[in-house]
Structure formats: C-alpha cells, structure tokens
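[1] for reference, the sequence and a predicted model appear below.
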Amino acid sequence: MQAIAVREGEDEPVLVEKPRPEPGSGEALVRTLRVGVDGTDHEVIAGGHGGA
C-alpha cells in the first residue's frame, strides 16, 4: 500500500510503499477515502513538531 512519509532532514513529504497491515482479532482494516492537511502537518514538515 502507499503511505505518505516525512523523512528526517527532508523538507517535503514523500510517497512510500509499505506492506499491507493484517488486522488482529477484534480489529478492522479500513480504507482512507480522503485526507486533509492542517497546521500540524506543516509544522512536522518544517521540523517544528515531533521528532524522528
């Protein structure tokens, strides 16, 4: 499956390929239809929120 990642030292998010997760007992696998970008996303990309 495809995922968006922010790599340490880079200033733009990238599209990466990840293995499809297998849900455990009592869990469900859901498909994301739409996503949004907010202020926290901009802070993460700029290196001002969270850490590697």
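    That came in fine, so what should we check first?

[2] would you state the helices of the chain in chain order?
    For the chain, the helices defined by DSSP state H occupy 39-46.

[3] chain neighbours aside, what residue packs nearest to Arg20?
    Computed as Cβ to Cβ, 6 or more residues apart in numbering, the closest residue to Arg20 that is not its neighbour in sequence is Met1, at 5.0 Å. From N, CA and C alone the C-beta is placed, and that goes for glycine too.

[4] and Leu15, by the same measure?
    Excluding the flanking residues, the one nearest Leu15 by Cβ to Cβ, 6+ apart is Gln2, at 5.6 Å.

[5] check contacts around that neighbour.
    Gln2 sits next to Leu15, Val16, Glu17, Lys18 when contact means Cβ atoms under 8 Å, 6 or more residues apart in numbering.

[6] what number of residues lie near the last one?
    Translated: Lys18. Neighbourhood size, Lys18 [other Cβ atoms under 10 Å]: 9.

[7] quick test: name the residue nearest the centre of the chain.
    Ile4 (4.5 Å; Cα atoms, centre = their mean).

[8] so that residue touches Val14, yeah?
    Yes: between Ile4 and Val14 a contact is recorded at 7.4 Å, counting by Cβ atoms under 8 Å.

[9] what bridges to the residue nearest to Leu15?
    Taking DSSP bridges as the rule, Gln2 bridges to Glu17.

[10] from here on, count from 16
    Renumbered: residue one is now 16, and that last one reads Gln17.
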